[in-house]
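In: Sequence first, then the predicted structure, then my questions.
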Amino acid sequence: MPRQLITLTVNGREREVAVEPHWTLLETVRDALQLTGPKEGCGTGDCGACTMVVDGRIVTSCLMLAPQANGRDVTTIEGLQSNGSLDPVQQAFIDAGGLQCGFCIPGMIVAARNLLNDNPSPTLDQIREGLAGNLCRCTGYTKIFEAVELAAERIRGSA
Amino acid sequence: MRTFEYRTPETIDEAISLLKEAGGSARPLAGGTDLVVQMKERATRFPYPETIVSLDRVAELRTIDFSDSDGLRIGSGATMSDVATHPAIQERYTALAEGAGVVGSLQTMNMATIGGNVCNAAPSADSAPPLLVYEAEAVIAGPNGRRSLPIAELFRGPGETALESGELLAELRLPVPPAGTGAVYERNTPRKQMDIAVVGVGVSLTLSGDTIGRARVALGAVAPTPRRAQAAEAALEGQPANDETFAKAAEAAATDDCSPITDIRASAEYRRHLVKVMTARLLAQAANRAKGTS
């Protein structure tokens, strides 16, 4: 199948990529754009390791075809830092020890940032619900939820 | 995933002609949360598509409108998030907002569409019992124009609908629920999210005073298709809205309105038990909603 050109904005930068229609957005971002933060866990939309923001909403990028992302605005974990400083959610995961192997964390943090954008003061239940599409097999989640609470506190404090 | 030709129509008519042009080897793609998974796993119920007709640029499929005169129109391309958060749906079609709001995860709901949920025709589809209790009409677009079908007639079997090759589900039309109606959808799952209903129950009760005027009950994951529970409905209409009536209707639903199977999620016996328990509880909840007390 001939490749087709798609144009998408990734982390604020416009990119043109020649894709095959069966590539997923995840494959496009990782293999063609070399942004390897988002991970492929299950490949079937269950684990959330590939979570990205597309036009303001989180999606499992392993299920979005590359041409479906044509013209869209995409944010990956790489896009959260600004001018070399980590996003408060990233910093809170480090400070609270909200990770072990780290494989799920790029998706987890993107989903957590999305949750805090919508709801700056989530309850523990709301945090659990906001991260229900992101599986972690190491931590047991406790420290992840603590990291999100810490991030929420810091973001509120700096606002 | 094996490759395919990818087309992006911008109107329903264009989508229909692309499907026709490609013949039986084309599939329409909506949110991809079922179809892309099935293609990756080589588990489609149809030959692997040679052409994908993506519906994501068809703006007219994405609209949701409500008016007191015409009721609710939901484009088949509206996402579960669009449906679950729509103010008119939250206010007037509570059971539908509840069904759309439990599909997978936030990520899933941001991608999955109501049309995809209906057309994938899983017996467990969470939008199906609500659409059945609201008596949705499915508006189908095809090469010979449009036709419409009651949603109950659209479901034909697991993964099977009444759609002919080359046809698309364009929209769902839901009449305005009568005054004094309360409705609710709930499902049983071991996990709260990212799970598939063991049993799903939707109910809608219209009360005049303490008497049940109109009752609609629909069940998911206990028959080859999502289905109405007519025996339960007959046990409700004209009866007083009390626990005794609800218990009789729940018994009827579990005895006469389902044919569950045993599978990895639950045994047939447990599903029947759930139908009985959940139907009785949800009828009480719907009655409270109808009275405006919850």
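Out: Yes, it's here.

In: ok and the residue in chain B nearest chain A?
Out: Proximity of chain B to chain A (Cβ to the nearest Cβ) peaks at B:Ser105, 2.4 Å away. Backbone N, C-alpha and C define where each C-beta goes, glycine included.

In: Report pLDDT for the residue nearest to that residue when sequence neighbours are not counted.
Out: Counting by Cβ to Cβ, 6 or more residues apart in numbering or on different chains, B:Ser105 lies nearest to A:Gly133, which is 2.4 Å off, once chain neighbours are set aside. Looking at A:Gly133, its pLDDT reads 96.

In: Ok, B:Ser294 next?
Out: Model confidence at B:Ser294, expressed as pLDDT, equals 50.

In: same check, this time on B:Phe46
Out: Confidence score, pLDDT, at B:Phe46: 88.

In: Pull the contacting residues for it.
Out: B:Arg27 (Cβ atoms under 8 Å, 6 or more residues apart in numbering or on different chains).

In: and the gap between it and A:Arg154?
Out: 51 Å (Cβ to Cβ, to the nearest Å).

In: Now do the contacts for the residue nearest to B:Ser105.
Out: Residues counted as contacts of A:Gly133 (Cβ under 8 Å, 6+ apart) are A:48, A:51, A:58, A:60, A:111, B:104-108, B:193-194.

In: Quick one, grab the pLDDT at A:Met1.
Out: Reading off the confidence values, A:Met1 has pLDDT 69.

In: Wait, a helix at the residue nearest to B:Ser105?
Out: No. Using DSSP: H, G, I helix; E, B strand; the rest coil, the secondary structure at A:Gly133 is coil, not a helix.

In: Would you mind measuring from the residue of chain A found nearest chain B to B:Ala183?
Out: Residue nearest to chain B within chain A (Cβ to the nearest Cβ): A:Gly133, separated by 2.4 Å. Distance, A:Gly133 to B:Ala183, by Cβ to Cβ: 27 Å.

In: Show me the domain layout of the chain.
Out: Defaulting to chain A. A:4-79, A:88-158 (automatic domain parsing).

In: meant chain B actually
Out: With domains defined by automatic domain parsing, chain B comprises B:5-54, B:59-174, B:181-290.

In: ok, the residue nearest to A:Phe103 when sequence neighbours are not counted - how many residues close by?
Out: Using Cβ to Cβ, 6+ apart and skipping the chain neighbours, the partner closest in space to A:Phe103 is A:Lys39 (5.6 Å). Look at A:Lys39: counted by other Cβ atoms under 10 Å in any protein chain shown, it has 20 neighbours.

In: What residues does chain B have near chain A?
Out: B:1-6, B:8, B:29, B:32-33, B:36-37, B:40-41, B:52, B:54, B:56, B:81, B:104-108, B:110-111, B:192-194 (Cβ under 8 Å from any Cβ of the partner chain).

In: which sections of chain A are below the confidence cut-off?
Out: Along chain A, segments meeting pLDDT under 70 span A:1, A:159.

In: 90 - rerun?
Out: A:1-2, A:158-159 (pLDDT under 90).

In: What are the boundaries of the helices in it?
Out: A:25-27, A:88-96, A:105-118, A:124-130, A:142-158 (DSSP state H).

In: Minimum distance to A:Thr76: which of the ones you listed has it?
Out: helix A:105-118 (7.1 Å; Cβ to Cβ).

In: now the closest one and helix A:142-158, what's the angle there?
Out: Using axes from the mean of the first three to the mean of the last three Cα atoms, to 10 degrees, the inter-axis angle of helix A:105-118 relative to helix A:142-158 is 40 degrees.

In: Just the buried residues of helix A:105-118, please?
Out: A:105-116 (16 or more other Cβ atoms under 10 Å in any protein chain shown).

In: That helix - contacts with which helices or strands?
Out: strand A:51-54, strand A:57-60, helix A:88-96, helix A:124-130, helix A:142-158, helix B:106-111 (3 or more Cβ pairs under 8 Å, 6 or more residues apart in numbering or on different chains; DSSP states H and E).

In: quick one, it and helix A:88-96 angle?
Out: Going by the same axes, to 10 degrees, helix A:105-118 makes 120 degrees with helix A:88-96.

In: Residues contacting helix A:105-118, please?
Out: In contact with helix A:105-118 (Cβ under 8 Å, 6+ apart) are residues A:37-39, A:41, A:47-53, A:57-58, A:75-77, A:80, A:87, A:89-90, A:93, A:98-99, A:122, A:126-127, A:130-131, A:133-134, A:136, A:144, A:147-148, A:151-152, A:155, B:106-107.
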